[in-house]
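A.B. asks: show me how the following folds:
(2 chains, ligands or ions: 5)
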Amino acid sequence: MRSKHKRPRSYGAGGPIAGTQEIAAIETALLSHGTARDGLLEILLDIRDRQGSVSQAGLQYIAERLRLTSAEVYEVATAFPAVNYGATVPYGNYTNNCCDLVCALLRGPADIDREMRPGVCGGRCDVPDSEPAPRSFETFRAAGGYTVVNRLQRMPTEKNQILQNIAGRNAVGRAGVGFPVHRKWQSLIATGGEPVVVVNADEGELATFKDRFILQSDPHGVLEAALVAASVTGAKQLFFYLRDDYADLHAIVRRAIDDTVAAGLTAGLDVHLRRSGGAYICGEETALIASLEGRPARPRERPPYPTERGLQGRPTLVHNVETLYRLRGAWGAVHEDAVPVSALLDPDMLLYSVSGRVRKPGPKLIRALPSLDALVRAAGGMREEEELGGVVIGGSAGTIVPASRCGVPLAELLASGLSLGTGSAVVFGKTDDIRWIAEKMAGFLARESCGQCAPCRIGTAKMARALAGGPLDRRLLDDLASVMSEASICGLGRSAGKFLARVTPILTEHER
Amino acid sequence: MNFFDIDIDGKTVPAAVGITILEAAVAAGVDLPHLCACMREGYLPIAACRTCLVELNNHDGLVPACRHSVAPGMVVRSDSALSRRTRRTVVELLASEMSEPAAKRHPDGLFQRLVRRVEADSGRFGNRAVRSEPDRNHSAITVDADACIRCGLCRSACQDVQVNGVISLAGHGDGLHVAFDTGKDIGDSSCVSCGECVQVCPTGALSPAVLFAPEAPVAIEYSAETVCPFCSVGCRVNLHVAEDRVVYADGADGPANHGRLCVKGRFGFGYLRHAERLTVPLIRRDDAPKDASHNFRGAEVLEMFRPATWDEALDRAASGFADLRDRHGGDVLAVLGSAKGTNEDAYILQKLARTGFGTAHIDHCTRLCASVPPLAEAIGFSAVTVPIEQIVNADVALMVGSNPEVNHPVAASIMKNAIRRGTKLILIDPYEQPLARLATVHLQLRPGTDVQLLSAMTKLVIAEGLYDSKFVDDRLEGFDELVQRVEAYTPDVAARICGVSAEAIVEAARLFAKAPAAMCFWGMGASQHVHGADNIRATIAFALVCGQIGRSGTGLHPLRGQNNVQGSCDAGLLPHYFPGYRTLDDAVQRSLFETLWKTQIPIGSGLSVVEIMDAAKAGKMKGLYVVGGNPAMANPDLAATREAVARLDHLVVQDIFPTETAAFADVILPAAALAERSGTVTNTDRIIQFVEPVLSPPGMAREDWAIACAIAARLGLSWARDSHEAIFDEMASVVPVLNGLSWQKLKTERGVRYPLNPNDPLRMDHPIGSNQIPQDSLFSTGFPRGPRARLAALEGKCPSELPDAAFPFTLITGRVREHWHTGSMTRRSDVLDALSPEALLHVCPSDFDRLALSSDYLVTVETRRGAVTVRPVSDQRIQQGVIWMAMSFFEAAANELTINKLDAYTRVPEYKYCSAKIVVNKVN
Ligand SMILES: Cc1cc2nc3c(=O)[nH]c(=O)nc-3n(C[C@H](O)[C@H](O)[C@H](O)COP(=O)(O)O)c2cc1C
Ligand code: SF4
Ligand code: SF4
Ligand code: SF4
Ligand code: FES
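C.D. replies: Ligands and ions are numbered 1, 2, ... in the order given. I've put the predicted structure just below:
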């Protein structure tokens, strides 16, 4: 028991005081982001950029300036890997930032341990030969871009027409779940209040880089659709939530936003560019909203859906980058040869992120893909002296399709329940062990669980451990799969359960 | 369709729109399994443990009962195969979060019971590796991180309920962990030890430190409820007893606290079995002279006395008073009671004084804080017009000179809950107290300038037409004089005097006046000045011209001090009122009591606490009966006070401890503590609560009223064989607000808010709304004094001792969270004393640095009355030129320093202003 004190009790106010240099960094961050709680993540990321990470005393100082408790600030700082709190090395950029599945396939596990910060996929496993140059504001305008925004400003009645067109095209979300876009918009309009629109450019899914490709090629296409969404739903605020690790994209998107603002296209709308916190879960829409509010990225139970109660309780529309980009068809935009990515305006065109042991990894635009074999061919075929082992479709909680099934018509695979998810495909070789791949996927999910709910926090960890080695206990794995998919709060835990349910039979088969 | 039935596991359960499935189940007595949900007020669904998942008839998959709302036609199954299997696996996973030794350390928590209930195999998923030993460095709370299952209840307790904001769930994924502040150890954190987290933690990861101590008992023998003996919030506590002592306490579901407690109420029961408890009557030894040179305490005091039988001691006590009365008349006798006693004690004591001693000099420690008299002056009512919990209905709350986080912590938690839900707080206080963080406007004024500030606010709302002119016309008198009085105070003038910005003054005034409903609180920061009554009058005037009274979420609330201040005053333990605030000078009232008590009562009002001491010092007061009070520690200017008590011919001190005052006694009588007795106590919200003994009194100690009756019997008074019940019922018949209450009714109902009958002799003829509890916000029409409230004129005094070259600092005294009043109980509660073991002198950082102070060396603080030696600390929440000390430490008693100057109206001493100097003497 604590005996009589040696030092006066100061109710936590004691301890080291932030140094002048750090205070300067904090004050500079406050100048650009204000002292309201919702800017907290940006403030912390700014300080990280300036000095590697924030100190304990710095957190205390921020708490006082934001009129928060130090516990609230600490909770946020430690919930986001990108804040780098307590780290001794600077926060890495994508070259040493790695999902550890694809990179491991390509470079061997030993390298990962040595050189890389395991974390969210850096979105660079495509190692592209040349990067597309972003289409500029002027070129985009010249091609008829943003005329819809001007029209809407002049003739608000066109909103209904656009809604109808979207419904008519059966546009669905491209983030993986495929929910009809017009139903989301209508729900938002029906809720009333002051809606908010969010462009979800967090793209944290393992081995997925389609959104980056779109933004890198044609940022104004996404922004135009976002402005239309804001106009149609009556939103006064638009957030562009961009993955922190996509550092090069920040300048591109920043420029794109500034250009539209300068051109008067955003009248009546506040447009904010915000960075995510370096975790896969940041892209889950309710977690995303929490992070925009300056809270830890922890998903919220539905109902209520964000379209009813989202950011600060307001109805909130969150759309994936690709979803928005494709919507342009609803107001007449068409494919332009000079801009390859605009092929997505054709509803039957799909954008795959292909990575792994292929010759030409990268984003692939393919219409009516016949089979996964064909996808491998589209990516230049297998690398030298390698033979196809199979393809992981749909990212971390995706499906492992063995080589034997890669020749089966894709339509047949889809009919038997395969989901393409976000369209990512990790190609592995004959010598790669399926169990090892499954373990890497499980490990990714365990590491990326926000940790809030018991079935996912503990379940994913137990799953990763069970897959890592030793005999497979079928009953235990089935219970784990069921508890994760039935009891988790959000899609991460639920899909982890489904992944385990799918992979367990394959692995038991494989072990025999 | 607001009410409907739903089906839970085959049972029909009533439900209402907006509640959760779990709430409906619990209310109907259906025991749905759950873990991270707490049904108490303030807790929100966390829905993270996923043990409460149920199936619904119209919904795919499982939903958490603790979060999902009920709907008509709902059929809930918590016992379906899917929900049982899922629950069992979830519990098995949760069990794996505890290390094996940790699981063994806590075999009986709520979680462990759930494991057994769902027949989970707790070893199925293995156990977490041992990471740490329990952290035992905090005196009150032991943290066993290895037992934590990360359910988040402690976070909710700290953030949402008590709003102390210390605990978070930091990190992510498997790294999620309970953290204090920025990841500090609990002992180094800003934890205020309210223990809410301990009470809700389902695993034992957070538990009372005593349960880990070597002397911890094997098992709790029984648990029983009483009311907290400290502040006026009146929290109900559940004491867990073993081996005739309180092992630990939990908040009980009382009307004021809803299960919450603060550090004192939870960890402050050690005093009950402290070695220094008085257990036998004591008589002063002939060879022990009364030495006024310094304070004696505890064992030192006992050395001056010898044990006696009750008969001998009572004879001695009574005959001393009888002698003096017969020789000099009753006027040389005085009685000092205490607001720590019960209503029955207070009533019997004033009756003894008035009828047995024949004196009007009867008072108690309420005098030292009294914040109500100016309210009585304005409206004729001597209690709050609106209870604290109504703050949730207030758009704005104005708080003048009160630091409830420290002095009324559970009330503060209710205020903070309201602020979270949108109530805006305006704070008028020189100290940057914890609530300041949540305030919309904090007017951090120079000490002693409240009147000028409030005058400016009043002038502004009148000038801008924001005041309630209809209310002013219909229900106020003295408005024209008020307009004149505030005439000179423009925001700029006040800004200069008070040291706050004119904009902030304007903002605060507008905010309050424009609010549809605004409440007003004040505390000792307002009252403990020579101009204390003026401070409060100015506050009341401001609130009343804005018409903020008589509706839900409006009203005036002086935060009372001790746990039974309200009741002791109601009972008439006052020199200027009969019971029920009946006027002494009124012949009708006098004859009422003379008839009732069958004896003559001295005419005129008596002296107050401090005046009694002044009279003793002058030799005019010769005999004093002190029951539960401690003037030798509590009064201002202790050196003078000691001289006064030492001069008394006959001093009888009745207490549970040998107090500083007892050192000067002729006879000491051992009393029972509140937890050892029956009785009623009244909290600041006008709720009378009934208590019964949890323990028996130690040794020969007796209840206060019984001792007073025994003295009365020796003075030949006929009522001396009264019972609690008879005393209460007599009191309820003469105290108007208690009319309609009886001992039996209280015994059945445990807690009742008065007045029961709005049409009582106080003419509280406000209409009873159909769906509003009538007494919740009083005076929607009329006031007890008549149709109009009176805006009293001010006396216009300034602080009596301004800083000067010789004594350059302004000394303010107050209290710390862990200690109560003179510390006689809390300093003897080992946990509280360990949490806050010594007096600290708070100095602002610039003065601290300028004087080159260090917390490693003690300094001497000196005023024109005395000096004490304390440890200085740098405190950025304090203003330059101001120093602050708590009054509860006998080793450095702040009242050695304070000045004996009283407010002319309330007769409250100026504890919150005198000049002082700091003498640096490098010793530690
Ligand atoms: C764990 C998790 C991570 C997610 N990450 C992303 C993401 O990075 N980008 C994205 O657009 N949607 C992501 N989502 C989906 C979003 O929650 C949301 O459904 C999507 O932004 C809606 O867009 P859509 O309607 O355009 O499909 C994620 C979902 C989960 C469960
Ligand atoms: S399922 Fe996983 S990621 Fe989603 S809320 Fe639960 S713990 Fe967080
Ligand atoms: S310390 Fe207790 S209440 Fe807090 S998260 Fe752990 S188990 Fe839950
Ligand atoms: S001291 Fe006051 S707030 Fe604290 S537990 Fe006791 S009555 Fe409640
Ligand atoms: S009690 Fe409902 S999820 Fe924990």
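
A.B. asks: please make it C-alpha for all contacts and neighbour counts, starting now.
C.D. replies: OK.

A.B. asks: residue B:45: helix or strand, and which one exactly?
C.D. replies: For residue B:45, there is no host helix or strand (DSSP states H and E).

A.B. asks: ok, residue B:538 next?
C.D. replies: Using DSSP H and E, residue B:538 falls within helix B:532-545.

A.B. asks: for that helix, packing partners?
C.D. replies: Counting contacts by 3 or more CA pairs under 8 Å, 6 or more residues apart in numbering or on different chains; DSSP states H and E, helix B:532-545 packs against helix B:373-379, helix B:450-463, helix B:469-475, helix B:524-527.

A.B. asks: and the strand of greatest length in chain A, how far out from the chain's middle?
C.D. replies: If you go by DSSP state E, chain A has its longest strand at strand A:349-356. In terms of CA atoms, centre = their mean, to the nearest Å, the centre of strand A:349-356 is found 16 Å from the chain centre.

A.B. asks: between the helices and strands packed on helix B:532-545, which one is closest to chain A.
C.D. replies: Nearest of these to chain A, taken as CA to the nearest CA: helix B:524-527 at 21.9 Å.

A.B. asks: how is chain B carved up into domains?
C.D. replies: Per automatic domain parsing, the structural domains of chain B span B:312-369+B:564-573+B:604-753, B:373-559, B:809-923.

A.B. asks: span of the longest one from start to end?
C.D. replies: Right, domain B:312-369+B:564-573+B:604-753. 42 Å (CA to CA, to the nearest Å).

A.B. asks: and stretch A:69-85, end to end?
C.D. replies: End residues of stretch A:69-85 are separated by 17 Å (CA to CA).

A.B. asks: determine if any part of it is in contact with ligand 2.
C.D. replies: No - counting by CA under 6 Å from any ligand atom, ligand 2 is not contacted by stretch A:69-85; separation bottoms out at 11.3 Å.

A.B. asks: now do that stretch: everything it contacts.
C.D. replies: A:40-41, A:44-45, A:48, A:52-55, A:59-60, A:62-64, A:90-91, A:244, A:277-279, A:294-297, A:450, B:165-172, B:179-183 (CA atoms under 8 Å, 6 or more residues apart in numbering or on different chains).

A.B. asks: if we can go back for a sec, between the domains of chain B, which gets nearest to residue A:508?
C.D. replies: Each of the domains of chain B has some distance to residue A:508 by CA to CA; the shortest is domain B:373-559, at 53.4 Å.

A.B. asks: low-confidence stretches in the stretch 601-750 of chain B?
C.D. replies: Within the stretch 601-750 of chain B, the ranges that satisfy pLDDT under 70 run B:721.

A.B. asks: can you pull out the helices in it?
C.D. replies: For the stretch 601-750 of chain B, the helices defined by DSSP state H, counting those that start in this stretch cover B:609-617, B:631-634, B:638-647, B:704-714, B:724-734, B:743-749.

A.B. asks: hmm, who's touching the second one?
C.D. replies: Under the contact criterion CA under 8 Å, 6+ apart, helix B:631-634 has outside partners B:295, B:638, B:641-642, B:645, B:660-661, B:821-822, B:887, B:890, B:893, B:895.

A.B. asks: try 10 Å this time
C.D. replies: B:294-296, B:336, B:364-365, B:368, B:609-610, B:613, B:638-645, B:659-664, B:821-824, B:887-890, B:893-896 (CA atoms under 10 Å, 6 or more residues apart in numbering or on different chains).

A.B. asks: pull the distance from that helix to the chain's centre.
C.D. replies: How far helix B:631-634 lies from its chain's middle: 20 Å, per CA atoms, centre = their mean.
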